[in-house]
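Peer 1: pasting a predicted model and its sequence here:
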Amino acid sequence: MGFETAKLEVENGKKIPVLFNPSEYNLSKSVSYTDKKVLGMNNPFLQFISGEAENLKITLMFDTYEPPGRNSKKEGGKDVRLETKKVASLLEIDPARHRPPIVTFHYGSLHFEGVVTDVTQNFTMFLGDGRPVRAKLEVTFRSTGKSRQEPLESPDRTKCRILQEGQQLWQFAWEEYGDPQMWKLIARANQIRNPLEIEPGRALKVPAV
């Protein structure tokens, strides 16, 4: 297998080659939870809300410096900003789409599709005239989330559950609907006025939603 160079592929077909392959990259993903206060509980109930988009963070190096040599006794090099602006421009709005473009970062087996959300340019080397010839870019991508989503499940028919010693309606609601606050739906279906005064052994209807 030959040497492979990383590249950025824009949805309009434009490709931006990376001058130096990154030495590392970082992939991160998180999920969101919220505290739900439930009647009869001392502490709030932790409820899952949703998954967050995956993020990719990479560091890209750009270097246009030309040391003194046979052709010139002076150091030289073109302005490195001519290269870094190609990446920074991915934050700009595409007039045809009214949004920044979707970009895919290719490197080896990694093919990350998303939008560029942050670009920090650090210029680290300059010629005598102040022209920058070396730069480090910290780039953050956010996934577009186009992967197939699993459908949410809910009861499709009314069920019957037996209330055991120590159980409460919010537990049935959590198990059946994924939301402890929906204990009120079970209470209404069973004509329960006070959920704290239900005798163990009672058969309860758990309605479909």
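Peer 2: That came through fine.
Peer 1: any idea which helix or strand comes after the least confident helix or strand in the chain by mean pLDDT?
Peer 2: Within the chain, judged by mean pLDDT, DSSP states H and E, the helix or strand with the poorest mean is strand 45-51; its value is a mean of 75. Tracing the chain C-terminally past strand 45-51 and defining elements by DSSP states H and E, one meets strand 55-63 next.
Peer 1: buried residues, that following strand. List them.
Peer 2: Asn55, Leu56, Ile58, Thr59, Leu60, Phe62, Asp63 (16 or more other CB atoms under 10 Å). Every C-beta, even on glycine, is put in place using the N, C-alpha and C of the backbone.
Peer 1: the second one reaches Pro22, doesn't it?
Peer 2: No - Leu56 is not in contact with Pro22 according to CB atoms under 8 Å; the separation is 10.5 Å.
Peer 1: mind pulling up the pLDDT for Asn122?
Peer 2: The pLDDT attached to Asn122 in the predicted structure is 97.
Peer 1: same check, this time on Arg134
Peer 2: Looking at Arg134 specifically, the model assigns a pLDDT of 95.
Peer 1: how many other residues sit next to it?
Peer 2: For Arg134, the number of neighbouring residues by other CB atoms under 10 Å comes to 16.
Peer 1: how about it, what does it touch?
Peer 2: If you count contacts by CB atoms under 8 Å, 6 or more residues apart in numbering, Arg134 has them with Met61, Phe62, Asp63, Thr64, Tyr65, Val80, Phe123, Thr124, Met125.
Peer 1: which of the three states applies to it?
Peer 2: The three-state label given to Arg134 by DSSP: H, G, I helix; E, B strand; the rest coil is strand.
Peer 1: hey, what's it bridged with?
Peer 2: Using DSSP bridges, the bridge partners assigned to Arg134 are Asp63, Met125.
Peer 1: and what of Tyr33?
Peer 2: The residues listed as beta-bridge partners of Tyr33 by DSSP bridges are Phe48.
Peer 1: ok, the residue nearest to the spatial centre of the chain to Arg142 distance?
Peer 2: In the chain, the C-alpha closest to the average C-alpha coordinate belongs to Ala53, at a distance of 2.0 Å (CA atoms, centre = their mean). Ala53 is 5 Å from Arg142, where distance means CB to CB, to the nearest Å.
Peer 1: same question, Arg99
Peer 2: 13 Å.
Peer 1: just Leu19 next, same as before
Peer 2: Using CB to CB, we find Leu19 at a distance of 24 Å from Arg142.
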